[in-house]
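Colleague: Can you look at this prediction? I've put the sequence above it.
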Amino acid sequence: MLQFDFTLLLPVLALVLGGIAILAIDLFVKDVQRGFFVAVTMISLIVSLALLFFVDLARDSFYNMLLIDGLTQASQWIIIGASLLFIPLALTGVRFLEYQFAEFYALFLFMVAGFALMVSSNNLVMIMLGLETASLALYAIISMHRRDKSLESAIKYFTMGALAAGLMAFGAMLLYAATGSLNLAEIERVFINRGGSDTALILAASAFLLAGIGFKLSVVPFHTWTPDVYEGSSAPMAGYMSIVPKIAGFAVAIRVFDFLADSGDQIVYMLLFLAAAATMTIGNLLALVQDGVKRMLAYSSVSHAGFVIGALVISTTEAHIGLFLYWTLFLFTNLGAFSMLWLTRHSSKVWDIRYDHPYTKFAGMVKISPMGAVIMAIFMLSLAGIPPFALFFGKIYLIGEALRTDHIWLAIIMLVNSAIAVYYYLKLIVFMFLRDPTENDGTIYYQNGTLALKLVLGVAAFAVVTSAFWTGAFIDNLAPILAAAGF
């Protein structure tokens, strides 16, 4: 029994028990208001977040299948923090169908628990178990939106997810064949002791694992599901999907590829480099030609994921700090931008038969909703990396680390893609501030404007604007945690 330390599972168990409690309450109590389910969900998330501070780091249990270290803790902070910022958006002023079901909130907590478990393990079986737990819940949540494209999006996501799971399982099988273990620490030890023998098998396994993890990270060419699935999801859920599944994927990628990158194998290095360069560039080029803001933000999130994959290429403690810094800043910025789309949602396609959020919809927004236009502009400027807004500090940190470690070509690609991205972000600002309004009585900008939504937008905008004052403290506190974990 000494191998079963359940205290390490407490943050995950808090989420699972919260989901079970919601299902039980819905079963035995009729006509429960959604506000109650939102409250139970938030309490479960807060309890889970609080328990993270009481779990000792650098500990493993369950025969080395569960590992709590600095990487686990940093990842879970972002996962649970983003979930806390997202869930109040369920208190929308319009009675959207999915938010009326208790199952939505239970599935949401199970999904968060799956991602939390995924980053809490050093074992490939447990990583896949957490990934599939989260993914299956997410497929159901997307389909619950009950719009024309929601079921299509869920089926596409499920199909691509099944393919990615198969690729990841095949990669794990190859690693087991090469090393006799599914524990990443043991795989690293065997790989080092053998002096890099079985290189072909290791490289094949790396390629399959990169493909499987790349699905969650929207790495080119595994990004094709991203715009369609985002478009079929509600705007807040699309924003959430652009953040939480990816930080879980990044955490796993750090564990899987860290020792391979450190081994000095140039083929693994080139795989990661090409993935980063292609994802940044193709995501940007596709975002340039979009007519819908939601699809533009979807391809934009692909490009940002490619930017952060650069941290895996560099593979230093400072680069990994930059990864978490960048994604924390991206959390506030992107969730805020998608929440603004939620604020402007309309049941009928007033402006465009194809898109819910065409650029023309935002024409002259500053004259109809000045505060909304200013807040959206702040998020766009941050995504573009314009100082002094949030993502400028994330970009400059990663580019600086690339230059410091002599990854010159990677730094050049980052700079060029940052310049390209400015165009399509400023395009929306031009529509909002320099175009005349289309037919619009102004009510469209307020139909979902509940106190909860305004609070989320306020927190996100405040974090983006004031990032210059807290990013230094963030780096100083995160550095010793990741360094102590060996990352």
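Modeller: Nice, I can see it.

Colleague: could you point out which element follows the helix or strand hosting A178?
Modeller: If you go by DSSP states H and E, A178 is part of helix 150-179. For helix 150-179, the succeeding helix or strand toward the C-terminus, using DSSP H and E, is helix 184-193.

Colleague: Packing partners of the helix or strand just after that following helix?
Modeller: Next in sequence after helix 184-193, counting helices and strands by DSSP H and E, comes helix 199-217. Identification of packing neighbours for helix 199-217 by 3 or more Cβ pairs under 8 Å, 6 or more residues apart in numbering; DSSP states H and E yields helix 150-179, helix 244-262, helix 266-288. Bear in mind the C-beta positions are built from the backbone N, C-alpha and C, glycine included.

Colleague: Do a quick rundown of the helices in the stretch 251-400 of the chain.
Modeller: For the stretch 251-400 of the chain, applying DSSP state H, counting those that start in this stretch gives helices covering 266-288, 293-314, 317-343, 365-368, 370-383, 390-404.

Colleague: Repeat that for the stretch 1-150 of the chain.
Modeller: 10-28, 34-52, 70-86, 102-118, 124-143, 150-179.

Colleague: nearest to W327, of these?
Modeller: Nearest to W327, of all these, is helix 70-86, at 6.3 Å by Cβ to Cβ.

Colleague: roughly how far is that closest one from the heart of the chain?
Modeller: 10 Å (Cα atoms, centre = their mean, to the nearest Å).

Colleague: Let's see that helix as CSV, backbone CA atoms only.
Modeller: Taking Å, rounded to 0.1, in the frame of the first residue of the first chain, the C-alpha atoms of helix 70-86 are listed here in CSV:
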residue,chain,number,x,y,z
GLY,A,70,7.0,21.5,-11.1
LEU,A,71,5.8,20.8,-14.7
THR,A,72,2.7,19.1,-13.4
GLN,A,73,1.9,22.0,-11.0
ALA,A,74,2.5,24.7,-13.6
SER,A,75,0.3,23.0,-16.2
GLN,A,76,-2.5,22.4,-13.7
TRP,A,77,-2.5,26.0,-12.6
ILE,A,78,-3.1,27.1,-16.2
ILE,A,79,-5.7,24.3,-16.9
ILE,A,80,-7.8,25.0,-13.8
GLY,A,81,-7.3,28.8,-14.0
ALA,A,82,-8.5,28.9,-17.5
SER,A,83,-11.5,26.7,-16.5
LEU,A,84,-12.4,29.1,-13.7
LEU,A,85,-12.3,32.0,-16.2
PHE,A,86,-14.4,30.1,-18.7
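
Colleague: Please work out which of the helices of the stretch 1-150 of the chain is packed deepest.
Modeller: Per residue and on average, the most neighbours among the helices of the stretch 1-150 of the chain fall to helix 102-118, with a mean of 25 (mean count of other Cβ atoms under 10 Å).

Colleague: what angle separates that helix from helix 244-262?
Modeller: 10 degrees (axes from the mean of the first three to the mean of the last three Cα atoms, to 10 degrees).

Colleague: my guess is S150 contacts Y139, does it?
Modeller: No. With contacts counted by Cβ atoms under 8 Å, S150 stays clear of Y139, the gap being 10.9 Å.

Colleague: My understanding was that L403 contacts L410; is that so?
Modeller: No. When contacts are counted by Cβ under 8 Å, L403 is not listed as touching L410 (9.1 Å).

Colleague: Of those two, give the one with the bigger neighbour count.
Modeller: L410 (24 against 15; other Cβ atoms under 10 Å).

Colleague: Distance-wise, check the nearest residue to that one once chain neighbours are set aside relative to W409.
Modeller: Sequence neighbours aside, A402 is the residue nearest to L410 in space, at 4.8 Å (criterion: Cβ to Cβ, 6 or more residues apart in numbering). Separation of A402 from W409 (Cβ to Cβ, to the nearest Å) stands at 9 Å.

Colleague: Can you pick out the residue with more neighbours from these two?
Modeller: A402 (24 against 11).

Colleague: List the residues that contact that one.
Modeller: By Cβ atoms under 8 Å, 6 or more residues apart in numbering, the residues touching A402 are 310, 314, 408, 410-411, 414.

Colleague: As CSV, those residues with pLDDT would be great.
Modeller: Converted to CSV, the contacts of A402 look like this (pLDDT from 0 to 100):
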residue, pLDDT
G310, 89
I314, 87
I408, 91
L410, 90
A411, 91
M414, 92
